[in-house]
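Enquirer: Coordinates for the following, if possible.
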Amino acid sequence: MNMKKMILTLVAMMAVTFGFAKNSADKRFDMSCDIYRLSVTLDLDEQQMDAVEEIQDNFSNEMQSLASLKGFQQRFGIRQAVRKDAEQMRQVLNDKQFHTYMRILLTTLRNRQL
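Expert: Coordinates of the predicted model:
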């Protein structure tokens, strides 16, 4: 009976440990943001805000899907997702807004070590 308890305890501890490791890795890829704060920072109008919200949701979902990849595939996927996001934002934002957005995005990626 003691051996069974020890094994179950060990399995439970490993499951919790792997759960925390997975969650911390997933948090790095969570690119969701407060659209209101972003709209204030970028001084967006209502149409731009709707478009930016949709683009940001797509980008966040795409980045979340990359969390399970490793190595070259993950780096390539991140590069492609950022490039696609930048192209879409470029169509919606003016030059000043776009440069501010890219500075925010690249700083976020650097801080999350992506």
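Enquirer: Would you mind listing the buried residues in stretch 37-48?
Expert: Buried residues in stretch 37-48, counted by 16 or more other Cβ atoms under 10 Å: Leu38, Ser39, Leu42, Leu44, Gln48. For the C-beta atoms, the positions are set from N, CA and C on the backbone; glycine is no exception.
Enquirer: I'd like the average pLDDT over that stretch.
Expert: Averaging pLDDT along stretch 37-48 yields 91.
Enquirer: Now the element after the helix or strand of the chain with the lowest mean pLDDT, going C-ward?
Expert: Sorting the helices and strands of the chain by mean pLDDT, DSSP states H and E puts helix 2-28 at the bottom, at a mean of 55. Under the assignment DSSP states H and E, the closest C-terminal helix or strand after helix 2-28 is helix 35-42.
Enquirer: quick check: angle from whatever helix or strand comes next after that following helix to helix 35-42?
Expert: Moving toward the C-terminus from helix 35-42, the first helix or strand encountered (DSSP H and E) is helix 46-66. If you take axes from the mean of the first three to the mean of the last three Cα atoms, to 10 degrees, helix 46-66 sits at 120 degrees to helix 35-42.
Enquirer: Pull the number of nearby residues for the closest residue to Ala51 other than its chain neighbours.
Expert: For Ala51, ignoring the flanking residues on the chain, the nearest one in space by Cβ to Cβ, 6 or more residues apart in numbering is Val92 at 4.5 Å. Val92 has 19 neighbours, counted by other Cβ atoms under 10 Å.
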